[in-house]
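> Coordinates for the following, if possible.
(chains A and B)
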There are 2 protein chains.
Amino acid sequence: MARVVVDVMLKPEILDPQGQAVQRALPRLGFEGISDVRQGKRFELEVDGPVDDAVLARIHDLAESFLANTVIEDFTVRVDEVAEAAK
Amino acid sequence: MARVVVDVMLKPEILDPQGQAVQRALPRLGFEGISDVRQGKRFELEVDGPVDDAVLARIHDLAESFLANTVIEDFTVRVDEVAEAAK
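This next block holds a predicted model:
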């Protein structure tokens, strides 16, 4: 068992109203010094068996076709080092 | 400018219907071998100035009080190494 993390974020040129709402609320809540906030999605996939390049390539396809809308979102696929190190 | 990432995920004991919906759809879409999917939130905060322990502690407070619902969610705060390395 290994954990693969897919992070999906809006592309930089796409407006992020959720992130903006958080960022605007921060000074009111007493948190200064944060100039921008972007909010996205994080998927944790538990993969049966070892994670090799072929599995990562398949998860890349999965993320591209299914988890992210690549017209407006970027995504990254990576093996979770924290989960790996805890083994 | 530095980027700090706050990942917010439902606690393991909390049901995650969004993640389950993704996991159940995968075999139908031709992706086998993924036994569990959890979906959470990722916040990218752009911090003015250097990120030291005091700033990270404040962001930890912010995440705890505002970004995560700690009754049902866990969160992690970390400096984004990719953004750091790209400097």
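> How about the top helix by length along chain A and chain B, any contact?
Counting residues, the longest helix found in chain A (DSSP state H) is helix A:17-28. Yes - residues of helix A:17-28 contacting chain B under Cβ under 8 Å from any Cβ of the partner chain: A:19, A:22, A:25-26. C-betas here are computed from N, CA, C, even on glycine.
> Output the helix or strand that comes right after that helix as PDB, restricted to C-alpha atoms.
Downstream of helix A:17-28, the first helix or strand assigned by DSSP states H and E is strand A:34-47. What follows is strand A:34-47, C-alpha atoms only, in PDB (Å, rounded to 0.1, in the frame of the first residue of the first chain):
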ATOM      1  CA  ILE A  34      -0.600  37.400   3.700                       C
ATOM      2  CA  SER A  35      -0.900  38.800   0.200                       C
ATOM      3  CA  ASP A  36      -2.700  36.000  -1.600                       C
ATOM      4  CA  VAL A  37      -4.600  32.900  -0.900                       C
ATOM      5  CA  ARG A  38      -5.600  30.200  -3.400                       C
ATOM      6  CA  GLN A  39      -7.800  27.300  -2.500                       C
ATOM      7  CA  GLY A  40      -7.700  24.000  -4.300                       C
ATOM      8  CA  LYS A  41      -8.400  20.300  -3.900                       C
ATOM      9  CA  ARG A  42      -6.200  17.500  -2.500                       C
ATOM     10  CA  PHE A  43      -6.900  13.900  -3.300                       C
ATOM     11  CA  GLU A  44      -5.200  11.100  -1.400                       C
ATOM     12  CA  LEU A  45      -5.300   7.800  -3.300                       C
ATOM     13  CA  GLU A  46      -4.400   4.500  -1.600                       C
ATOM     14  CA  VAL A  47      -2.800   2.300  -4.200                       C
END
